[in-house]
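J.: Fold the following.
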Amino acid sequence: MSEQKQMVQKYMDAFSVTDHEKILSCLTDDVEWEMPGYFHHKGIDAFDKEIENPNADGHPDISVNRLIEEGNIVVAEGTVQAKLKGGNKIDAVFCDVFHFRDGKISKLTSYVMFKQ
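T.: Sure thing, here's the model as predicted:
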């Protein structure tokens, strides 16, 4: 597995246990994270504030089904499930596009579709 794919896997593993330090270690200081239609954050501090959903009850279950790499971009496809306070659940599929600079994630665009 390439170094960039390994970094994406490290990021996903850290997200699954909500390990802020490990997640942030994968990112450049000027990282951008966009979820079209929901938010666009710039900088590591803004990214950090978006890691945890205040309505979450525990850690998300993230499964990466495919990693595709070309140049400085890795695309990850997968699923995410999570429990929310109050009993509701998140059940979604995602396609994350990771851009790399100097071995770290410099931009992430997350496309998410929630199952009904």
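
J.: What pairs with the longest strand anywhere in the chain, parallel or antiparallel?
T.: Of all the segments assigned as strand in the chain under DSSP state E, the longest by residue count is strand 89-101. Neighbouring strands of strand 89-101 in its sheet, by DSSP bridges, are strand 73-83 (antiparallel), strand 104-114 (antiparallel).

J.: For the first one, list every residue counted as buried.
T.: It stands for strand 73-83. Residues of strand 73-83 classed as buried: V74, V75, A76, G78, V80, A82, K83 (neighbour count, 16 or more other CB atoms under 10 Å). Glycine gets a C-beta too; all of them are placed from N, C-alpha and C.

J.: List of residues touching that strand?
T.: Contacts to strand 73-83, defined as CB atoms under 8 Å, 6 or more residues apart in numbering, come from residues 4-5, 7-8, 12, 53, 56-69, 89-100, 112.

J.: and the worst-scoring helix or strand of the chain on mean pLDDT, how far from the chain's centre?
T.: Using mean pLDDT, DSSP states H and E, the weakest-scoring helix or strand in the chain turns out to be helix 44-50, at a mean of 93. Here the centre of mass of C-alpha atoms in helix 44-50, compared against the chain's by CA atoms, centre = their mean, to the nearest Å, lies 12 Å away.

J.: and of the strands paired with strand 89-101, who's closest to E21?
T.: Proximity to E21, assessed across the strands paired with strand 89-101 by CB to CB, is greatest for strand 104-114 (14.3 Å).

J.: returning to what we had before: list only those of the contacts of strand 73-83 flagged as buried.
T.: Among the contacts of strand 73-83, those buried by neighbour count (16+ other CB under 10 Å) are 4-5, 7-8, 12, 60, 62, 64, 67, 69, 90, 94, 96, 98-100.

J.: Which of those scores worst on pLDDT?
T.: When those are compared on pLDDT, I90 comes out least confident, at 89.

J.: That one - nearest residue in space that isn't next to it in sequence?
T.: Nearest residue to I90, sequence neighbours excluded (CB to CB, 6 or more residues apart in numbering): A82, at 4.4 Å.
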